[in-house]
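A.B. asks: Build the 3D model from these lines:
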Amino acid sequence: MPRVCFTLQVRPDRLAEYRERHAAVWPEMLHALRDAGWHDYQLFLREDGLLVGTVVADDLAAAQAAMDATGVSARWEAEMAPFFDLPGGGESSDGRAKQQLDLVFDLDAQLAAIEQAPPPHSNGARP
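C.D. replies: Next up is the predicted model:
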């Protein structure tokens, strides 16, 4: 399953409350995320409000659509909307304003690639 990484901007004046809310996410929301196909979902928060999230999902668009079909997601997103700043200083939005990041390095993929490659010639060059 592919891993997706994204960023959001949490309002600096709401960081403490944002942390508190995520220390005890509603059980109904946790179950809905799992049932919708969200796996190994983690959020990391920097002191200036930069939020980095990672999630593993077969199809993130389908997983997001499955969440959108639940009532708990709408309630959670409405609760969280005041915590976010939109890029460019717009008004607050819910967590759907994610900025997805491109993968630029994968240690396991590169190690697997070199381990499957034929051994180098005696001069160090690869065939």
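
A.B. asks: Partner strands of the helix or strand of the chain with the lowest mean pLDDT and their direction?
C.D. replies: Across the helices and strands of the chain, mean confidence by mean pLDDT, DSSP states H and E is lowest for strand 84-85: a mean of 88. Applying DSSP bridges, strand 84-85 is found paired with strand 3-10 (antiparallel).

A.B. asks: Kindly calculate the angle that the next helix or strand after the partner strand makes with strand 3-10.
C.D. replies: Next helix or strand after strand 3-10 toward the C-terminus (DSSP states H and E): helix 15-23. Per axes from the mean of the first three to the mean of the last three CA atoms, to 10 degrees, the angle that helix 15-23 makes with strand 3-10 is 140 degrees.

A.B. asks: Give me the buried positions along stretch 103-112.
C.D. replies: Within stretch 103-112, not a single residue qualifies as buried, counting by 16 or more other CB atoms under 10 Å. C-beta: built from backbone N, CA, C; applies to glycine.

A.B. asks: May I have the distance across it, first residue to last?
C.D. replies: Start and end residues of stretch 103-112 are separated by 17 Å (CA to CA, to the nearest Å).

A.B. asks: Could you check the strand or helix carrying E79 and say which residues are buried?
C.D. replies: Assigned by DSSP H and E, E79 belongs to helix 71-80. Neighbour counts using 16+ other CB under 10 Å place 72-73, 76-77, 80 of helix 71-80 among the buried residues.

A.B. asks: That one versus strand 3-10: what angle between them?
C.D. replies: Using the same axes, to 10 degrees: helix 71-80 against strand 3-10 is 40 degrees.
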